Structures are given as C-alpha cells and as structure tokens.
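Visitor: 3D model of this:
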Amino acid sequence: AGHTYLNFLRKGPESDIALLRTRDMHFVGMSDPEQLKAFKDAPIIVGRKDIRDAINARRVVHHATELGEKVHLYYSRDYIARKPVSAEKQSALWSLTPGVCNDACGRLPLFAGMKVMISENIAFTHRAVNGAEGTVHSIEYEEDESGKRFAKIVYVRIPGAGQVCDDLERDIVPVIPQRQ
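Guide: Alright, predicted model coming up:
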C-alpha cells in the first residue's frame, strides 16, 4: 500500500500537478510579476544547509544593495585552552561548513540595516532575548593587517528595548561576541 501511495504522490492526477504549478515561483512570476513582491521577505525552507547558505548569501547581498550598504565579513578569533589558535588552524576553522561546525561558523556577513535575530538572552528588561528581532545599527570592529574584520560590538536596534545605556540612542542594544 505504501508504494502505491508514494507513486500517487510522485505522479499525481493532472489537477494536483496544475495546482502545484500555480505555487511554483517561476510560474507565479510569469503569470503575475506583481504578485512576486508579496514573497520578498518570505522564509525559504530547504533540506540542505549548503543550499540554505547559498540562498542566504544572495539575499544578504541583495538586501544590502537595496539599502546602499556594503556587506563585510566579520571573522571569529578562536582559542584552544585560552590560547589563540595558530594561523593555519584559524584558517581551517574559518573554512568549515555549517554542517560540520553546527552553524557556529567563523565568518559572519553583516551590514548596517541587516535584519538579525538575537539567539541568546542578553537583557530581559530590554527585550533583548532569544528570538527577538532587530536590525544592525552599527558595528565596532578591529581590522588586521590583511584587512580581515573582527567585530568588537554590534549595535542592534530592537524596537521597544528602551534606554539600554546612557550613551546610546533608545532601542539600541550592544551585542558583544562571546567565547564558547
């Protein structure tokens, strides 16, 4: 019985195939290009991290271009036993794929205006909690002799955060990279 149902799903009656085609982005774009705008920020679900990352990389560049911003990569500084790793090991760590490093990769594209999500509870009273959404306001960073950037602080605008620090605008939350 399982094979019969699977074959039905694979082939399906023409009416099902026609219905699915109405939901294919290519066909939507051909039939009504204006309707594509509704999908501008829609999440895309894929089954492989490499495909997800390729889509995200293109969306990051596209969004930055729309805002007139430039995307920069910010690199991690990795340590073993509280000592910086060698340059060779650091380079190898930066090139790991998300599947290998459990999405804790050593390079992060950022730009002012980028939509971000807080992934740890930083400040409960200021709504900077796991799952909170915001936009990158600005980035303080150091640059090495080869031009690699290392974020010191990323300032994120989180609506409703209020006055977090006296020397910051309202709703701006400083996010500091952490060692793990």
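Visitor: List the neighbouring strands of the biggest strand by length in the chain plus their orientation.
Guide: Determined from DSSP state E, the single longest strand within the chain is strand 133-143. Using DSSP bridges, the strands paired with strand 133-143 are strand 115-117 (antiparallel), strand 149-157 (antiparallel).
Visitor: Looking at those, which is nearest to E133?
Guide: E133 lies closest, by Cβ to Cβ, to one member of the strands paired with strand 133-143: strand 115-117, at 5.4 Å. C-beta: built from backbone N, CA, C; applies to glycine.
Visitor: any low-confidence regions in the protein?
Guide: Counting by pLDDT under 70, the chain shows low-confidence ranges at 1-17, 19-23, 179-180.
Visitor: ranges for the strands of it?
Guide: Under DSSP E, the chain gives strands at 72-75, 79-80, 83-84, 107-110, 115-117, 133-143, 149-157, 172-175.
Visitor: The nearest residue to Y75 once chain neighbours are set aside: how many residues sit nearby?
Guide: Leaving aside its chain neighbours, Y75 sits nearest to K148 (5.0 Å; criterion: Cβ to Cβ, 6 or more residues apart in numbering). Residues lying near K148 (other Cβ atoms under 10 Å) number 16.
Visitor: Please renumber the chain so that the first residue is 50 from this point on.
Guide: Noted, 50 is the first residue going forward, which turns the last one into K197.
Visitor: could you measure K197 against H111, distance?
Guide: Separation of K197 from H111 (Cβ to Cβ, to the nearest Å) stands at 24 Å.
Visitor: Could you do G78 as well?
Guide: Between G78 and H111 the computed distance is 16 Å (Cβ to Cβ).
Visitor: angle of the longest helix seen in the chain against strand 182-192?
Guide: Longest helix in the chain by number of residues, with DSSP state H as the criterion: helix 98-116. Counting by axes from the mean of the first three to the mean of the last three Cα atoms, to 10 degrees, helix 98-116 lies at 90 degrees to strand 182-192.
Visitor: list the helices and strands helix 98-116 packs on?
Guide: helix 147-150 (3 or more Cβ pairs under 8 Å, 6 or more residues apart in numbering; DSSP states H and E).
Visitor: What lies in contact with the helix it packs on?
Guide: Helix 147-150 is contacted by residues K98, D99, R101, D102, L142, C154 when judged by Cβ atoms under 8 Å, 6 or more residues apart in numbering.
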